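Asks: sequence first, then the predicted structure, then my questions.
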Amino acid sequence: MDPKLDLLYRLADDQLILGHRNSEWNGLGPILEEDIAFSSMAQDKLGHSLQLYGLLHELGEAEPDTVAFTRNAPQFHCCQLVELPIGEYDFSLTRHFLFDHAELLRFQALADSSYEPLAQVARKLRGELKYHALHANTWMKRLGTATDEAIERMQAALNFTLPYALGIFEKTDAEAEIISSGLFIGEDELQSRWLESITKVLGQTALTLPDLATATPVFGGRHGQHTEHLQPLLDEMAEVFRLDPTADW
């Protein structure tokens, strides 16, 4: 696959799928503030995916709605982290923290991409992602220094989620060309920056980052290998679109 397409599909699919997952907190948040926050961030992510699918369309791919709603799970390039059900709030918050730190750093780097249309989009989106990360930091610090039960639950969520989060940085066959062409700094460099960023925040809590030496990254998503949770989500997402793909809603 062309390096630009490879990179854009990964970016767009991550945003689309996590946007839909986060929207599932609408009406279910532990407090009203969080209900609104997760709904707002979900809307942001869907908007981000639209802009990225728009870049793909400019490169000759199908229109954004077609790309988003007519592919099956093996055709998606999202990491497995984003497709997992929302579960309890401790998991969703931990996923939010780990994913959005990576995305903020990714889009900060993409602002200097040699592919100027992507660089322009990244400059627009990094501001919103900064607030996503700040929101995650606030709640990780609050719950990670609260009661013994809160700390225990957040630590368990972190232990469970970290291997999936490492899957964010799964490489594809286009990795070398992506780096050499100046499209992006590469997944190894991004992971290094991410670890520094999340470690700094966790250092302000009673939480401990699991040992990466013993954490087995959950890979496969970038190559179309997904959990059993993705296809049902895609079916639900596309239900209205498939009633009449030519309709102008």
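Replies: That came in fine, so what should we check first? Small disclaimer: the values here were computed from a predicted structure and weren't measured.
Asks: what packs against the least confident helix or strand in the chain by mean pLDDT?
Replies: Lowest mean confidence among the helices and strands of the chain (mean pLDDT, DSSP states H and E): helix 32-58, at a mean of 88. Secondary-structure packing of helix 32-58 (3 or more CB pairs under 8 Å, 6 or more residues apart in numbering; DSSP states H and E): helix 3-23, helix 64-69, helix 89-110, helix 116-143. For glycine as for every other residue, the C-beta is placed from the backbone atoms N, C-alpha and C.
Asks: what's in contact with stretch 183-192?
Replies: With contact meaning CB atoms under 8 Å, 6 or more residues apart in numbering, stretch 183-192 is reached by 3-4, 7, 102, 105-106, 109-110, 113-115, 118, 166, 168-171, 175, 177-179.
Asks: at 10 Å what do you get?
Replies: Surrounding stretch 183-192, the residues in contact under the criterion CB atoms under 10 Å, 6 or more residues apart in numbering are 3-4, 6-8, 10-11, 102-103, 105-106, 108-110, 112-115, 118-119, 122, 165-166, 168-172, 174-180, 193-194, 212, 217, 222.
Asks: write the PyMOL selection for whichever of those residues are buried.
Replies: Selection of buried members from the contacts of stretch 183-192 for PyMOL, criterion 16 or more other CB atoms under 10 Å:
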select buried, resi 3+4+6+7+8+10+11+102+103+105+106+108+109+110+113+115+118+119+122+165+166+168+169+170+172+174+175+178+179+193+194+217+222
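Asks: C-alpha coordinates for stretch 74-86, CSV please?
Replies: Below are the C-alpha coordinates for stretch 74-86, written out as CSV (Å, rounded to 0.1, in the frame of the first residue of the first chain):
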residue,chain,number,x,y,z
PRO,A,74,-10.6,-7.4,8.1
GLN,A,75,-10.4,-4.2,6.0
PHE,A,76,-9.9,-1.9,9.0
HIS,A,77,-6.5,-0.8,10.1
CYS,A,78,-7.3,0.3,13.7
CYS,A,79,-5.4,-1.0,16.7
GLN,A,80,-7.3,-3.5,18.8
LEU,A,81,-7.3,-1.1,21.8
VAL,A,82,-10.0,1.2,20.3
GLU,A,83,-12.5,-1.6,19.4
LEU,A,84,-12.8,-3.1,22.9
PRO,A,85,-16.2,-2.5,24.6
ILE,A,86,-16.4,0.5,27.0
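Asks: okay, buried residues for that stretch please.
Replies: 76-84.
Asks: with stretch 9-24 instead?
Replies: 9-23.
Asks: mind checking how far that stretch is from the chain centre?
Replies: Taking CA atoms, centre = their mean, to the nearest Å, one finds stretch 9-24 lying 6 Å from the centre of the chain it belongs to.
Asks: for Met140, state which of the buried residues of stretch 9-24 is nearest.
Replies: Asn22 (16.1 Å; CB to CB).
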